[in-house]
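Visitor: Fold the stuff below for me.
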Amino acid sequence: MDGGVLDERILAPAVTSEFLWIVIVSSIGAVFAAFGIGANDLANAFATSVGARALTIKQAVVLAGVFEFLGAVFLGSHVAKTIRSGIADYQPSTLQVGCFVDNPGILMYGNMCVVYTSGFWLLLASFFELPVSTTHATVGGIVGMAMTYRGADCVVWYEEAEFFPYLKGVSAIVASWALSPVLSAVIAVALYFFMRTFVLRADQSQKKAINIFPCLVTVTIAVNVFFILYKGAKSLGLERTTLPVAFAWAFGLGGVVGGAMYPTVLPYIRRNIAAKYHDDGTRKSEPRTEKVVRPQPQSGVIGFVMNQMNQDIYSSVKDSEYVNQIHDNAEKFDPRTEEVFKYVQIFTAICDSFSHGANDVANAMGPFASIYFVYTTGEVREDGNLGNNAFWILAFGGLGMVAGLALYGYNIIAAIGVKIAKITPSRGFAIELGSALTVIIGTRLEIPLSTTHCQVGATAGVALLEGSGGVNGIVLAKAIFGWVVTIVVCGLTCSALFAQGAYAPYAYDIIDDLASTSSSSP
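Guide: Here you go, the predicted structure:
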């Protein structure tokens, strides 16, 4: 053995069936990590929609189950691109591919440690209400594993790039801690400031909100379509779409959907508002009716799932004087106007879910994808391609994420959707659309943005329009702390797991050493 690093068999260029156990154990770990992503990252994406009461947790789970999966499948080439750009070279690039080209087995084992590390940290962060970045958790684990195996030279700490911020590697991740939330906050604040000035504070704001509703839907749909076209959905043959064509299709389809709102959705919104509110904006009393009490399952798997999705995420408003004060100090608008934005927010939630699936499902399954690729080919290649296998890997990731949102997403939803600020449908719309726009800009310009950081940054930015008392400084500080320590915690944890296996002593080595020592003794 050389340096005690596993058996020389795992360093061989051809990875044989004896390492099938790594694939099996890693597949379980990948679903575990996806569950953690659902509980943290995906919950953060839906926090403003649920916090504004535009959606319930159950409805968010349904939307996630559909649009997260569609986003991943339509842009499923993202996983293959991750592999093609280097099996150990995740976006943003943090590892030198040459570190593992001659040791595919060690890369398999290292990535197995990565999936369990990221899953463990994401669940722990969810417990402490820390919205953290999935990509950064994964990259932190990879960096820790690589440094343990080959030292600091194996990590790309800094590399120049053609686009702003002109960085790649770990330095780009550090830059994203400020870049992601600031850029997202600027866009979301601009959107909300415009709506607050010309719609929410205007006379007859309800009518203006209804009039602008088709335009907002048009923009939301256009953003989503543009994201699909311009990013390049390879599975749809759209990877070479030019900028003018993408703009034309995006706003063309957005305009069609927006125009369809006039005869279909707008009459329903008007009837619904008239049924709920008086002409002065006060809410009508609910008619007393005999409620049919249906037995709810309290035990078993179904009962457990239902109980988890029925968690009261708004309890902090009553239980915490600080949170209650933040909500009371927030500017109030005509509830009928907010009711209109509630329907708009459903579209932005779908948009957010789709873009999240396109970015983060693929990133989440990246380590397992590399394990599977190495196992089936025995190689570490920059031009590797998973082909159709990428889709079932994405499907497993999507299922795990939806399960995580359903069973443990309420903690992060409560923190970002309720505790950090007062979220209303109008504010939530600006936050979600601002975050989605930021992700699109970052994706195409290759700026290392985190969807989690974008969502939190947009939320804090909109809340700060109420003044310093509009945002919960404690929750915001916890979130920033979580961003900074994610790479460190995941790096150290993965390093320890990797070293335990890669540098563990072998029984036969110990026996041979003892035998040779005994034979040489006088």
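
Visitor: Quick check: the residue nearest to Gly417 when sequence neighbours are not counted vs Ala414, distance?
Guide: Spatially, and ignoring its direct neighbours in sequence, Gly417 is nearest to Gly51 (2.3 Å; CB to CB, 6 or more residues apart in numbering). All C-beta spots, glycine's among them, are computed from the backbone N, C-alpha and C. Separation of Gly51 from Ala414 (CB to CB, to the nearest Å): 8 Å.

Visitor: Give the residue from those two that has the larger number of neighbours.
Guide: More crowded of Gly51 and Ala414, by other CB atoms under 10 Å: Gly51, with 27 against 23.

Visitor: OK, contacts around that one?
Guide: By CB atoms under 8 Å, 6 or more residues apart in numbering, the contact list for Gly51 reads Ile313, Ile413, Ile416, Gly417, Val418, Ile423, Gly428.

Visitor: where in the stretch 201-350 of the chain is pLDDT low?
Guide: 230-241, 286-299 (pLDDT under 70).

Visitor: in it, which spans are helices?
Guide: 205-231, 243-260, 265-276, 300-309, 315-319, 321-329, 335-356 (DSSP state H, counting those that start in this stretch).

Visitor: in the fourth one, what counts as buried?
Guide: Going by neighbour count (16 or more other CB atoms under 10 Å), the buried part of helix 300-309 is Met309.

Visitor: repeat for the third one
Guide: Burial within helix 265-276, assessed by neighbour count using 16+ other CB under 10 Å, is assigned to Val265, Leu266, Ile269, Ile273.

Visitor: Looking at these, which is nearest Thr117?
Guide: Val265 (45.4 Å; CB to CB).

Visitor: I'd guessed the closest one sits against Tyr343; true?
Guide: Yes - the pair Val265 / Tyr343 is scored as a contact, 6.9 Å apart, by CB atoms under 8 Å.

Visitor: if I look at these two, which residues touch both of them?
Guide: In contact with both Val265 and Tyr343: Phe213, using CB under 8 Å, 6+ apart.

Visitor: hey, what's in contact with both of Gly51 and Ala414?
Guide: Joint contacts of Gly51 and Ala414 (CB under 8 Å, 6+ apart) are Ile313.

Visitor: Just say which of the helices of the stretch 201-350 of the chain is most tucked in.
Guide: helix 335-356 (a mean of 25; mean count of other CB atoms under 10 Å).

Visitor: Report the two of the contacts of Gly51 separated the most.
Guide: Ile313 and Gly428 (14.2 Å).

Visitor: Counting neighbours, go ahead and name the busier of these two.
Guide: Taking other CB under 10 Å, Ile313 and Gly428 do not tie; Gly428 has more neighbours (31 against 21).

Visitor: Now do the same for that one: helix, strand or coil?
Guide: Following DSSP: H, G, I helix; E, B strand; the rest coil, we place Gly428 in the helix state.

Visitor: pretty sure it contacts Ser49?
Guide: Yes - in this structure Gly428 lies within contact range of Ser49 using CB under 8 Å: 6.0 Å.

Visitor: list the residues that contact both of those two?
Guide: Gln345, Thr348.

Visitor: got the contact list for the closest residue to Tyr408 other than its chain neighbours?
Guide: Excluding the flanking residues, the one nearest Tyr408 by CB to CB, 6+ apart is Ala39, at 3.9 Å. Ala39 sits next to Leu122, Leu123, Ser126, Gly404, Leu405, Leu407, Tyr408, Gly409, Asn411, Ile412 when contact means CB under 8 Å, 6+ apart.

Visitor: Tell me how many other residues crowd the first one.
Guide: Counted by other CB under 10 Å, the residues lying close to Leu122 total 32.

Visitor: so it makes contact with Asp41?
Guide: Yes - counting by CB under 8 Å, Asp41 is a contact partner of Leu122 at 7.3 Å.

Visitor: can you list residues touching both of those two?
Guide: Residues touching both Leu122 and Asp41 (CB under 8 Å, 6+ apart): Val132, Thr134.

Visitor: before we move on, back to that, list just the nearest of the buried residues of helix 265-276 to Ile487.
Guide: Val265 (44.2 Å).
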